[in-house]
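# show me the folded form of this:
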Amino acid sequence: MSRSLVIVESPAKAKTIEKYLGKGFEVKASIGHIMDLPKNDIGVELKKRTFEPHLIVSPGKEKIVEQLKKAGARADAIFLAPDPDREGEAIAAHLAFQLGHTAAERKKIRRVTFNEITRKAVKEAFEHPRDVDQHLVDAQQTRRVLDRLVGYQISPLLWDKVRRGLSAGRVQTVALRLIVEREREIGAFQPVEYWTLDALLHPDRQPEKPFQAHFVGIDGEPARVPNGKDKDGKDQFIANALPDEKSMRDVVAALDDATWSLASVQSRERQRRPLPPFITSQLQRDASSKLGFNVRRTMGVAQRLYEGVDLGPDGTVGLITYMRTDSPRVAPDAIGSARAWIEKQLGAAYLPDSANVFKGKKDAQDAHEAIRPTDVSRTPESIAKYMSDEQLKLYTLIWKRFIASQMTPAVYDVTTAKIEAASRKTRKTYDFRASGSVLRFDGFLKIYEAIEEKKDDDDESANRLPDLDNVSRLELEKLLPEQSFTQPPPRYNEASLVKELEERGIGRPSTYASIINTIQDREYVVKHGGSRGRFYPTEIGMVVCDLLVENFPYIFDTAYTAKLEEELDDIEDGKEKWTDLLNGFYSYFEKELKDAGKKMRNIKRLEQVTNEKCELCGSPLVLKWGKFGTFYACSAYDKKDPASCTFTKENTASKPDLNTPEGMEADEKEEYCENCGKTMVLRRGPFGPFMACPDYNADPPCKTIRKLSQKQQQKPPEPTGEDCPVCGKPLVLRQGAYGEFVSCSGYPKCKYVKQNLIEGMKCPKCGEGDLAERRARRGNVFWGCTSYPKCDFTSNYKPVPKKCPQCGSPYLVEKTLRSGIYLECPNRKKSAEEESRAKRGKKAAAEPAEKAVVCTYSRRIGNAPPPPTAETHGPVPESKVGQKELQPA
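Below is the predicted model of the structure:
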């Protein structure tokens, strides 16, 4: 019997597919990419301008590659089945390269793709295998080379001019630029005052039918207030408004004796058409606005829905189609299924005569379908018990959006009334308008409530008008003048940033999440204000953005970045050679890189004179650049003079102002796995704390981890309730390089640090100092004399103020071993060390000869602590121990 090897990129996907293929197929996972550019070198050929990448097996993937090679050698056929996009095609190409060294090996390698992981789709894909699409591979490879050229050649400039550890990304810098420019736009915003006027009216002799009308103009001339110019230089106006309080008072006074009449009433029908099924960017936006999911969480949950959820008797089933797509296209079979469900469950009134067809803005990745359920008969209610809460929420959103897309429009009856108020004082007619709408037929809104942007000042849905037939005169109840000010544009949140990137053509669906993650991980922006929080650029983010835009105006131009995305699409379609794009890019980039090396400002040497005065000596303060941004320092400071003024203070003006209405919501405390969407947990490993997916050791596992920067690892100072014995200020618990410690909140003026002393015990060597807990650079704890360096007494075990009953030693030590916790005499350790030294043949130190005290006292006082587990210490890094995992306790 022939045997076939199938390779996918994730264990969850492998588990689902293996069930569909049955016997004769072995399914293995590559765990993502198996080859990449080297980390310690640019890895791209630049001398001859071939731009050929030097790919190596990704560190940590050597064992996986060897396992796949062995499995491939046993197989009669090899099917490569990573995701149906550029990244998936590149993974397939790298697998083919590793497994197909000979002509015979290459002949048995085939590529299969499917847009949904269902039995039917998988079977059809294996009936129509193909070769690896080199155009798709070239498009992915070009993006990778572009990003490597920018990152590896600009980042060293930032290390030299600003700070080590910074990075420059081709697309992430443009996204950062949008956030920085929006922040400056907000800072430069000048509010404009305007006044609006509403009139509460009712038909003559019918006070039980009140309604509200808006003031719109005088004698047919619209009322409007100038509001600057738009980006194209055209004048902007605030409609239906007056400029100041005096103008409003004049209008209100003129209406005191006005006669109110109904000039006209118009009724019309308005249809609200259903929205297309989700594409990636719209799913990310709606999940943010409706569910409060960030982009990373949305894509992680969608990934699991695509790869498969265990539905009990039905086994593991892929519930949605592939979630990275720009196309609203839907397969005819899926449309037919949706229409059949609508007619059966909702009735013919909700089914349009013909299927609704939607066209995308462009043909990018149009080989994919829109995001939809794989089977509309699996309603959210019918499978809710098999899904987690977040999976159910997202699946419900996708299912309802798809069903609604094939339904009839919602129908409203819209009424617009024009009202005139004739003033006897001014002999002018003041124009008012009232609009209202009534939902006559809910249509697709029966399933999916879409978010509709407000397009004008007349909120029809909030104002239902009474029957105005045969009404001519109106009575005024009261006037409602209101003062307002224009507001600055809102800061970006994840949803609005994705929308802006999409509209400008920057990035693609598969890159939005990584762009947003990167600018936050690099601490170029902070997100504040809860799950729908807004992005605030940090000082380092603004400095980096300014330097890059100043020195690389062409490369980091938003229009040029969008143009590169279009060219990548052309490479995918075979319309352009990948080397032509890179040659064109590098000709600009090389010139700007050379100029930047000479002209870029050196922020490290910043020394800007200010009007601030030193609080200690009165000298002028200068603005300098430090590890955490700008700070004020006394200009009288001299490195060579120890007695010079050392006053410094924080530059608070450079920090983002988070006390804005947008940021008042509590910050989001949870972080979500980018692969499965589950809440990440904080764990501590051999190399410090890190975030990890709770399913790290599950079956199938999710190996997502994220390192924390030094700043992220630090907890904010926590009050202890004690006061400093030196200055009286509160003591706080801080996080340092070697662990937690308690110090004065008045630091750096007060440098008091509370030490963990052993009560009732003095140093056994000098008899004067106390014994305090210390922590070495490697993280190990030891105990030492507080009189150091006068006294060098140390102990690796905690001294206990008890006398040894055998030899009379003034103290014992507490040891924690695997067999338990013991109290032992320190002389027992001393004799053991001397015996070991004698065995190794080493000479004793040059000290006065003393007879060694031999003591064997040891007493067990407790049980040993439990061994570390994956739950308490996190997974062991694979780079250190291969595929070893911590087992649960």
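
# can you name the element that comes right after the longest helix out of those in the chain?
If you go by DSSP state H, the chain has its longest helix at helix 134-161. The helix or strand immediately downstream of helix 134-161 is helix 172-187, counting by DSSP states H and E.

# show the residue spans covered by the strands in the stretch 351-500 of the chain.
Per DSSP state E, counting those that start in this stretch, the stretch 351-500 of the chain carries strands over the ranges 410-422, 429-441, 473-485.

# turn the ones you listed into TSV, including mean neighbour count.
For every residue, glycine as well, the C-beta is placed using N, CA and C. Shown next, in TSV, are the strands of the stretch 351-500 of the chain (neighbours: other Cβ atoms under 10 Å):
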stretch	mean neighbour count
strand 410-422	19
strand 429-441	19
strand 473-485	14
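
# dump these to JSON lines, plus mean pLDDT.
Below are the strands of the stretch 351-500 of the chain laid out as JSON lines (pLDDT from 0 to 100):
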{"stretch": "strand 410-422", "mean pLDDT": "95"}
{"stretch": "strand 429-441", "mean pLDDT": "94"}
{"stretch": "strand 473-485", "mean pLDDT": "95"}
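
# for these, which one sits closest to residue 647?
Taking Cβ to Cβ, strand 473-485 is the member of these nearest to residue 647, at 40.9 Å.

# partner strands of that closest one and their direction?
Applying DSSP bridges, strand 473-485 is found paired with strand 193-203 (antiparallel), strand 259-272 (antiparallel).

# look at the residue nearest the centre of the chain and report its pLDDT.
Geometric centre of the chain, nearest residue: residue 517, 3.9 Å, by Cα atoms, centre = their mean. Note on residue 517: pLDDT of 88.

# am I right that it is in contact with residue 297?
No: judged on Cβ atoms under 8 Å, residue 517 makes no contact with residue 297 at a distance of 11.4 Å.

# between those two, which contacts overlap?
Counting by Cβ atoms under 8 Å, 6 or more residues apart in numbering, no residue touches both residue 517 and residue 297.

# picking up where we left off before, make CSV from the strands paired with strand 473-485 and add mean neighbour count and distance to residue 124 to it.
Output for the strands paired with strand 473-485, formatted as CSV (neighbours: other Cβ atoms under 10 Å; distance: least, Cβ to Cβ, whole Å):
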stretch, mean neighbour count, distance to residue 124
strand 193-203, 20, 60
strand 259-272, 13, 37
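
# would you turn those strands into CSV with distance to residue 581 and mean pLDDT?
Below are the strands paired with strand 473-485 laid out as CSV (distance: least, Cβ to Cβ, whole Å; pLDDT from 0 to 100):
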stretch, distance to residue 581, mean pLDDT
strand 193-203, 49, 96
strand 259-272, 43, 94
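
# how about those, which one is nearest residue 18?
So among the strands paired with strand 473-485, strand 259-272 is nearest, using Cβ to Cβ, at 45.5 Å.

# what's the angle between that closest one and strand 429-441?
Put simply, strand 259-272 runs at 30 degrees to strand 429-441, going by axes from the mean of the first three to the mean of the last three Cα atoms, to 10 degrees.

# residues making contact with strand 259-272?
So strand 259-272 is in contact with 199, 201, 409-422, 424, 437, 440, 443, 445, 450, 452, 468-469, 471-476, going by Cβ under 8 Å, 6+ apart.

# can we see that at 7 Å?
201, 409-422, 437, 468, 471-476 (Cβ atoms under 7 Å, 6 or more residues apart in numbering).

# try stretch 166-186
146-147, 150-151, 154-155, 158-159, 488-489, 491-492, 497, 500-501, 506-507, 511, 515, 518-519, 522, 524-525, 535-537, 541-542, 544-545, 548-549, 556, 558, 561.

# pull out the buried members of the residues you listed.
Buried residues within the contacts of stretch 166-186, counting neighbours by 16 or more other Cβ atoms under 10 Å: 146-147, 150-151, 154-155, 158, 491-492, 497, 500-501, 506-507, 511, 515, 518-519, 522, 524-525, 535-537, 541-542, 544-545, 548-549, 556, 558, 561.

# in helices only, show me those residues.
Those of the buried ones among the contacts of stretch 166-186 lying in helices (DSSP H): 146-147, 150-151, 154-155, 158, 497, 500-501, 515, 518-519, 541-542, 544-545, 548-549, 558, 561.

# mind checking how far the closest residue to the residue nearest to the centre of the chain other than its chain neighbours is from residue 706?
Leaving aside its chain neighbours, residue 517 sits nearest to residue 296 (6.2 Å; criterion: Cβ to Cβ, 6 or more residues apart in numbering). Separation of residue 296 from residue 706 (Cβ to Cβ, to the nearest Å): 10 Å.

# which of these two has more neighbours?
residue 296 (23 against 15; other Cβ atoms under 10 Å).

# that's a strand at the more buried one, yeah?
No: Residue 296 is assigned helix when assessed by DSSP: H, G, I helix; E, B strand; the rest coil, not a strand.

# my understanding was that it contacts residue 680; is that so?
No: between residue 296 and residue 680 there is no contact under Cβ atoms under 7 Å: 9.6 Å.

# overlap of the contact sets of those two?
residue 672.

# could you check how many residues crowd around residue 619?
15.

# do you know the pLDDT at it?
Looking at residue 619, the pLDDT reads 93.

# skipping adjacent residues, who's closest to it in space?
Residue 619 sits nearest to residue 636 (Cβ to Cβ, 6+ apart), 4.2 Å away.

# correct me, but that neighbour touches residue 644?
Yes: Residue 636 is within contact range of residue 644, at 5.8 Å (criterion: Cβ under 7 Å).

# looking at these two, which is more packed in?
The residue with more neighbours, out of residue 636 and residue 644, is residue 636; 17 against 13, by other Cβ under 10 Å.

# wait, is that one part of a helix?
No: counting by three-state DSSP, one finds residue 636 to be coil, located in no helix.

# which residues does it contact?
Contacts of residue 636 by Cβ under 7 Å, 6+ apart are 614, 617, 619, 644-645.

# I'd like these as TSV, with distance to residue 212 and secondary structure appended.
Formatted as TSV, the contacts of residue 636 follow (distance: Cβ to Cβ, whole Å; DSSP: H, G, I helix; E, B strand; the rest coil):
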residue	distance to residue 212	secondary structure
614	61	coil
617	65	coil
619	64	coil
644	70	coil
645	66	coil
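
# about what we covered before: so for residue 240, which of the strands paired with strand 473-485 sits nearest?
Of all the strands paired with strand 473-485, strand 193-203 sits nearest to residue 240, with 6.5 Å by Cβ to Cβ.

# ok, which pair from the contacts of residue 636 is furthest apart?
Checking the contacts of residue 636 with Cβ to Cβ, the most distant pair is 614 and 644, at 11.2 Å.

# pull the CA atoms of stretch 750-763 into CSV?
Extracted C-alpha coordinates of stretch 750-763, given in CSV (Å, rounded to 0.1, in the frame of the first residue of the first chain):
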residue,chain,number,x,y,z
CYS,A,750,17.1,59.8,49.6
LYS,A,751,19.0,56.6,48.8
TYR,A,752,17.8,54.6,51.8
VAL,A,753,17.3,50.9,51.0
LYS,A,754,15.7,48.6,53.5
GLN,A,755,17.7,45.4,54.1
ASN,A,756,16.3,42.0,55.0
LEU,A,757,18.2,41.4,58.3
ILE,A,758,18.3,38.4,60.5
GLU,A,759,16.8,39.5,63.8
GLY,A,760,18.8,38.9,67.0
MET,A,761,22.1,38.0,65.3
LYS,A,762,25.3,39.8,64.7
CYS,A,763,28.0,38.8,62.3
